Structures are given as structure tokens and as C-alpha cells.
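Q: Sequence plus the predicted model coming up.
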Amino acid sequence: MINKAERLWQRIVERGLNNDSNFKESLNLQPGASDEELQLIEDTLGVTLPEEMKCFYKVYNGQEWDLGVNPFVRNLTLSPTSEIIDNWCFLQEEFDPDDDLELDSSKELKPFLWNSKWIPIAANGGGDYLCIDTDPSEAGVEGQLLYFWHDWGNRSVKAKSLFEFIEICLKEDYEEYQ
């Protein structure tokens with residue numbers, strides 16, 4: 001599975017190089033995550049990380065955000081392991097279950113505006129997160145991806161796994177430039 005993660009990273013970089021010769025540098029990728037860093041996420045969040053996530057993060061431990069950093073897919077910056085923990089803690093503290101947002105979720109998700117078993121792995125800089133669901137409904141699959149919108153109650157599955165989500169994004173980019 002690590003080979004597939006390496007190939008996906010290679011495709012992400014190649015896609016960007018078509019438009020920007022400094023794309024890889026502009027991703028500001030961090031050295032791969034250690035087993036200890038991944039274990040710290042599991043221990044802190046009380047979840048078991050999907051193998052795809054572990055493999056993907058062992059290649060690069062996310063991106064260090066700074067002005068001019070390119071997103072790895074769509075408009076998303078991949079959070080390093082320490083930032084995943086920080087973002088999860090923030091969401092745990094800030095989420096108000098009595099919020100007046102109206103929930104609109106798909107059947108694959110448990111009907112929550114926020115679930116502490118969601119892993120916020122990427123952000124758009126506007127308070128929204130791409131999350132891995134480790135606590136799906138009976139109709140869902142562990143490891144599915146969803147967007148957590150901070151100001152909108154829509155919660156829907158975007159892919160059944162991290163690798164599938166990246167494949168979808170790469171296909172969108174390919175079709176956009178054809």
C-alpha cells in the first residue's frame with residue numbers, strides 16, 4: 001500500500017508541474033510521519049487510523065502552510081500530524097451541539113454535526129475541514145471522507161477512502177485541462 005501512496009504523491013506533483021515548474025517546492029511538503037506521530041493521533045483522538053492514511057502520511061507528513069503554498073488537491077492543504085491533533089482539539093472545544101445549524105447528512109454518516117471520531121486531515125483555511133470518518137453508520141464504510149463545513153450543516157460522503165478521494169480529485173484536474 002505504501003507504493004500506491006508514493007504513486008499518488010507522484011501524480012499530485014506531476015499534475016502541478018504541468019502548470020508550475022516550482023510546484024513541488026510550493027507544496028511545502030514535510031518529511032514523512034513516523035510511527036510514533038501516527039500513534040499519537042490514535043491515542044489522542046481515540047481512533048484507529050486507516051492504513052491508507054498511515055501510508056500516505058509516511059511519504060509526506062502534510063504541508064506546512066505559508067503564503068503562496070499550493071493546495072495538494074482542490075483548495076485543501078494537507079495538515080501535518082501535529083496540526084491534525086490541534087484542529088481536532090479545536091473542533092472538540094468549539095463545537096456547540098446546540099448550534100442552530102440544520103443537519104443535512106447522507107445515510108452513510110451518523111447524524112451528527114460533529115463526531116469526535118472524525119479525523120480532520122486537511123483544511124481550506126476558512127474553517128472547513130476534510131475528515132476521515134472512523135465511526136460511520138451501518139450504511140457507511142470506515143475510512144470514508146466527508147467535508148466538515150463550519151457554517152453549513154451539510155455532511156455527505158465524498159469518497160469511500162482517502163485514496164479514492166485523491167483519485168477523484170486527480171481525475172477532476174485532468175478533465176479540467178483537457
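A: Here it is on my side, so go on. Residues are numbered from 1 along each chain as shown.
Q: So, low pLDDT: which residues of this structure?
A: Flagging of the chain using pLDDT under 70 yields the residue ranges 96-104, 173-178.
Q: repeat that with 80
A: Low-confidence segments of the chain (pLDDT under 80): 1-2, 95-105, 150-153, 173-178.
Q: Which parts of it are strands?
A: Residue ranges of the strands in the chain, as given by DSSP state E, are 29-31, 60-63, 77-78, 104-105, 118-123, 129-133, 144-148, 154-155, 157-159.
Q: Spatially nearest residue to Met1, not counting backbone neighbours?
A: Excluding its sequence neighbours, the residue lying closest to Met1 (Cβ to Cβ, 6 or more residues apart in numbering) is Cys55, at 4.7 Å. No exception for glycine: its C-beta is placed from N, CA and C like everyone else's.
Q: Could you tell me how many residues sit around Pro80?
A: If you count neighbours by other Cβ atoms under 10 Å, Pro80 ends up with 22.
Q: which residues touch the residue nearest to Met1?
A: Under the criterion of Cβ atoms under 8 Å, 6 or more residues apart in numbering, the contact list for Cys55 reads Met1, Ile2, Lys4, Ala5.
Q: So which of those wins on neighbours?
A: Ala5 (23 neighbours).
Q: Quickly note the distance from the nearest residue in space to that one that is not next to it in sequence to Phe72.
A: Sequence neighbours aside, Cys55 is the residue nearest to Ala5 in space, at 4.0 Å (criterion: Cβ to Cβ, 6+ apart). Relative to Phe72, Cys55 is positioned 15 Å away (Cβ to Cβ, to the nearest Å).
Q: same thing with Asp128?
A: In terms of Cβ to Cβ, Asp128 sits 15 Å off from Phe72.
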